[in-house]
Structure formats: C-alpha cells, structure tokens
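# what follows is a predicted protein model with its sequence.
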Amino acid sequence: MKKIIQKIKNEIALLVWKKYYSPKLAKFKNIHKGEDCFIIGNGPSLNKMDLTQLNDYYTFGLNKIYMIFKRMPFNISYHVAINSLIIKQSKNEISKLNCPSFLSYISAKNNNIKSKNVHLLGDIKPIDLFYKDLTEGIRQGSTVTFVAMQLAYFMGFKRVFLIGVDHNFQQSGNPHDTQKMVTDDVNHFDPNYFKGHNWHLADLEGSEMSYLTANYYFNKDKRKIYDATLNGKLNIFEKTSFDEALGMAKKVNKT
C-alpha cells in the first residue's frame, strides 16, 4: 500500500513539475553553444588554488561554494545543489545568490526558497541515464557534479574543466548514510562546511559510474570533460593542470 501511495505522489509531483517548472528551463538550452566552462567541486584542494582567476570564465559552483567567497572573492555563473540536507542548511544563502541556482525539485519544494534566480530540476522519476534535455528531467547520479555536467551539456558547453573534485573522503559507514559531523570537516574546503550538521556519506562508486556515463555522452557528441583538480583521486577523465585549463578554456566574451 505504501508503494502505491508513493507512486501516486511521484506521478502528481511529476505533473506539477512538468507544468510549472520544466518550461522555465527551456531558455537555457544551448545558450553557451561551443563555449567552455569550469565545474567547481568543494574539495579541500580549492584552498591551494587562486579561484579569482576564474572571474573571466563561465563557472558552475556547487552546494556550499558560497562559504569560500569571503576569503577568495570570485563570481560564479551558475549554482547547483541537489542534496536535501545541503539545500535545507543553505536556503538563506541560496536565496541571496546573484546567479541562476538550479536545485532538486524533490529536495527544494518544501524549503520555501524565495528567489527569482531559483530553477527546479525534475529529479522525480528519472528514466534516462544522462539527460540531454533538462526540460524532461535530471538524474542525480550520486553526486551534484554529475547534475552540473548534464546542465553544461544542455547549455551547449563544448569543453568542461573540473576543479575541486578531489574524490577522496574520510568517512566510515555506508554510502548515503546520514551522520552528524561533530569534528572539523576535512572533506571540504572549509572545516565548518558540515561541522555540527548532518550530512550524507559520499558514494564514490556510484559517482564513478555516473562520471563514466557523462564521459561517454560528451565524447559521443565530440565534446570533452577534463579533470584539472589538484592531486585529485578521480581517474575517469583526461587530466590537465589548472594553469593549462586556464590557457585552454575560452574566456567570457564581455563585449
């Protein structure tokens, strides 16, 4: 009975999202066709990089990236968050962002985030492994980085450069378990990132499966994802350095 009720709820939620939120995503289709971008993870390696150099490039900032702005002022073009705990903990900060913020419909719909910049992604009933058309839905794929990759594809970006995707977590438990972090957070760029808060343990294996999927779809369409993370542990994408990435990537045309 519970499964039937949940199925009905999902069907209703999908209809609501399709009617009210999906059409608002259409304006982002191919708006950056042929351009390059950076997807900024939240790993501690960011502390060893000068992110102010990214002000001349298109960027996706993930989750609680706003925590680094005070000590490393730079602008992000887009923000992405899908995790329910992160959205709940960050709703005030997200509402103040001056860029489009893409959030999970499932996680955000009950948090009453009031901002004209917020756009809700349809992660209600994912069917495709990788969504080329975000007006049809999104697959979370165990990591917000994978969602950002689908967004980058939808927007038409030709090359994506990853930084701060350390793919290295100190944790004990099963993937997706909820735990309260009582010590400093060593897994992210700020020791207070999850300190004193609940968090979901990372799913590295699930993330790798998603990254392989993204790599396949980008390569199939003659696009490319590079990994410019400093000393990152991920071995899916072609490696390059941050300096090389800055030299390769097209800058924002401000004329």
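Received the coordinates, thanks.

# which residues touch residue 72?
Neighbouring residues of residue 72 by Cβ atoms under 8 Å, 6 or more residues apart in numbering: 46, 50, 51, 52. Just so you know, the C-beta spots here come from the backbone N, C-alpha and C atoms, and that holds for glycine as well.

# what about 10 Å?
Listed by Cβ atoms under 10 Å, 6 or more residues apart in numbering, the contact partners of residue 72 are 46, 47, 49, 50, 51, 52, 54, 189.

# so what's the nearest residue to residue 97 once chain neighbours are set aside scoring on pLDDT?
Nearest-residue entry for residue 97: residue 79, 5.4 Å, with adjacent residues in sequence omitted and distances by Cβ to Cβ, 6 or more residues apart in numbering. As summarised for this prediction, residue 79 has a pLDDT of 98.

# now residue 79, which residues is it bridged with?
Going by DSSP bridges, residue 79 is paired in beta bridges with residue 61, residue 101.

# tell me if I'm right that it and residue 117 touch.
Yes - applying Cβ atoms under 10 Å, one finds residue 79 in contact with residue 117, separated by 8.3 Å.

# before we move on, back to that, how much space between the residue nearest to residue 97 and residue 233?
Here residue 79 is placed at a distance of 25 Å from residue 233 (Cβ to Cβ, to the nearest Å).

# of these two, who's got more company?
More neighbours surround residue 79 than the other of residue 79 and residue 233, with 26 against 12 (other Cβ atoms under 10 Å).

# contact partners for the more buried one?
With contacts taken as Cβ under 10 Å, 6+ apart, residue 79 has the following neighbours: 40, 59-63, 65-66, 90, 93-94, 97-103, 117-118, 148.

# what's the neighbour count on the closest residue in space to residue 214 that isn't next to it in sequence?
Nearest residue to residue 214 in three dimensions, chain neighbours excluded: residue 149, at 4.4 Å (Cβ to Cβ, 6+ apart). By other Cβ under 10 Å, 27 other residues sit near residue 149.

# still on that earlier bit, mind giving me the ChimeraX command for buried ones among the contacts of residue 79?
In ChimeraX, a selection of the buried entries from the contacts of residue 79 looks like this (16 or more other Cβ atoms under 10 Å):
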select :40,59,60,61,62,63,65,90,94,97,100,101,102,103,117,118,148
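
# which ones among the contacts of residue 79 map onto strands?
Counting by DSSP state E, the part of those found in strands is 40, 59, 60, 61, 62, 101, 102, 103, 118.

# which among the residues you listed gets closest to residue 17?
Set against residue 17, the nearest of these by Cβ to Cβ is residue 103 (11.9 Å).

# ok, residue 16 touching residue 124?
Yes - with contact taken as Cβ under 10 Å, residue 16 and residue 124 are classed as touching, separated by 9.0 Å.
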